[in-house]
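Asks: Take a look and give me a structure for this.
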Amino acid sequence: MPSFKIDTSSAVVFVATPPTPKLVSKQTGEIAIDRETGAPLATVGLLVADEGEGNLYQVTVPSTGVPEGLAPGTVVHVVGLKARDWENTFNGQTRHGISFRAVAITAGA
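Replies: Residues are numbered from 1 along each chain as shown. Modelled structure (predicted):
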């Protein structure tokens with residue numbers, strides 16, 4: 001499926017929730033791996049405020065692109081943020097949504 005670039009150049013981006021490992025399976029605790037780099041993946045909650053509106057995104061990032069010590073309220077920059085729609089069917093139930101992925105998150109003011 002195609003992905004779409006998200007321009008955050010005029011936005012203020014804050015960490016809403018600190019990075020946590022992205023799991024393949026909650027049952028086994030297996031951590032998802034980035035297919036391109038081989039790095040473990042993390043999920044970070046980001047609040048993106050732009051033009052008087054704020055949105056919360058759960059963004060997947062390779063752990064190599066996440067600086068140490070990201071805490072809620074930290075102002076950051078997002079490198080290579082993209083959105084992709086998804087759909088899957090499990091046990092006869094169809095679910096769909098939008099996933100967000102970035103190359104890196106950097107500290108910034």
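Asks: Three-state assignment for residue 64, please.
Replies: Here residue 64 is recorded as helix under DSSP: H, G, I helix; E, B strand; the rest coil.
Asks: Just list the residues touching it, thanks.
Replies: Shown in contact with residue 64 (Cβ atoms under 8 Å, 6 or more residues apart in numbering): 37, 39, 104. Using the backbone N, CA and C atoms, a C-beta is placed for each residue, glycine as well.
Asks: could you redo the last one with a cut-off of 7 Å?
Replies: If you count contacts by Cβ atoms under 7 Å, 6 or more residues apart in numbering, residue 64 has them with 37, 39.
Asks: From residue 73, how far out is the nearest residue to residue 45 once chain neighbours are set aside?
Replies: With sequence-adjacent residues excluded and distances taken as Cβ to Cβ, 6 or more residues apart in numbering, residue 45 is closest to residue 17, at 3.2 Å. Note on residue 17: its distance to residue 73, by Cβ to Cβ, to the nearest Å, is 11 Å.
Asks: which SSE is residue 26 in?
Replies: Using DSSP states H and E, residue 26 sits in no helix or strand.
Asks: What distance do you get for it to residue 32?
Replies: 12 Å.
Asks: Which of the two has more residues huddled nearby?
Replies: residue 32 (15 against 7; other Cβ atoms under 10 Å).
Asks: Dump stretch 56-68 to CSV, keeping only the CA atoms.
Replies: Below are the C-alpha coordinates for stretch 56-68, written out as CSV (Å, rounded to 0.1, in the frame of the first residue of the first chain):
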residue,chain,number,x,y,z
LEU,A,56,-2.0,12.3,19.0
TYR,A,57,-0.1,9.8,16.9
GLN,A,58,1.5,6.4,17.9
VAL,A,59,4.6,6.4,15.8
THR,A,60,6.8,3.4,15.1
VAL,A,61,10.5,4.2,14.9
PRO,A,62,13.6,2.1,14.7
SER,A,63,15.2,2.1,18.2
THR,A,64,18.4,3.5,16.6
GLY,A,65,16.5,6.6,15.7
VAL,A,66,15.2,7.3,19.2
PRO,A,67,17.4,9.3,21.6
GLU,A,68,17.8,8.2,25.2
